[in-house]
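Engineer: quick one, fold the following:
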Amino acid sequence: MTLWKNKLIYSLQSVWVLSYNHLMIIDISHISKLANLPIASKEKIKFEKQLSAILEHFKKLSEVVTDNIDETNQVTGLINIVRPDEISLSLPQSEVLKNSKNTQNDMFTVPVILQEGIEP
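Structural biologist: Residues are numbered from 1 along each chain as shown. Presented below is the predicted three-dimensional model:
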């Protein structure tokens, strides 16, 4: 009985999505798999409706006439606010390592945080 209800709900969802755009069916299961996000079946209905609403907004935006509007790629008027690179001497390795609790072979030693890929 539950499987039948799920199929019916999916069929109704498909009809609802088809009413938005008869050429496209939104597959929330596929999207969640691509995004590596587990989604419960109850959430799929909600997300399908939300995604369809978002796409509907884009559809409305595509109807706006923008032929006489200049392209905008920057609105602040600032030009290169990043300082130029300057080459300078760095600290000697011995001075950098002198305050470290653990060093080995003139490098910092830190606790292991990833076990995968460590050779015994």
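
Engineer: residue 101 and residue 91, how far apart?
Structural biologist: From residue 101 across to residue 91, the span is 18 Å (CB to CB, to the nearest Å). For the C-beta atoms, the positions are set from N, CA and C on the backbone; glycine is no exception.

Engineer: same thing with residue 29?
Structural biologist: The span separating residue 29 from residue 91 equals 54 Å under the rule CB to CB.

Engineer: ditto for residue 40
Structural biologist: If you go by CB to CB, the gap between residue 40 and residue 91 works out to 53 Å.

Engineer: can you give me the helices in this protein?
Structural biologist: Counting by DSSP state H, the segments of the chain that form helices are 2-20, 28-34, 41-62, 93-97.

Engineer: circling back: residue 29 and residue 91 - which one has more neighbours?
Structural biologist: For residue 29 and residue 91, the more surrounded residue by other CB atoms under 10 Å is residue 29, and the numbers stand at 12 against 9.

Engineer: if we ignore the residues flanking it in sequence, what's nearest the more buried one?
Structural biologist: Spatial nearest neighbour of residue 29, chain neighbours left out: residue 44 (6.8 Å); criterion: CB to CB, 6 or more residues apart in numbering.

Engineer: just checking, the one you found touches residue 28?
Structural biologist: Yes: between residue 44 and residue 28 a contact is recorded at 4.5 Å, counting by CB atoms under 8 Å.

Engineer: that older thread, mean pLDDT lowest where, among the helices of the chain?
Structural biologist: Mean pLDDT values for these show the minimum at helix 2-20, a mean of 44.
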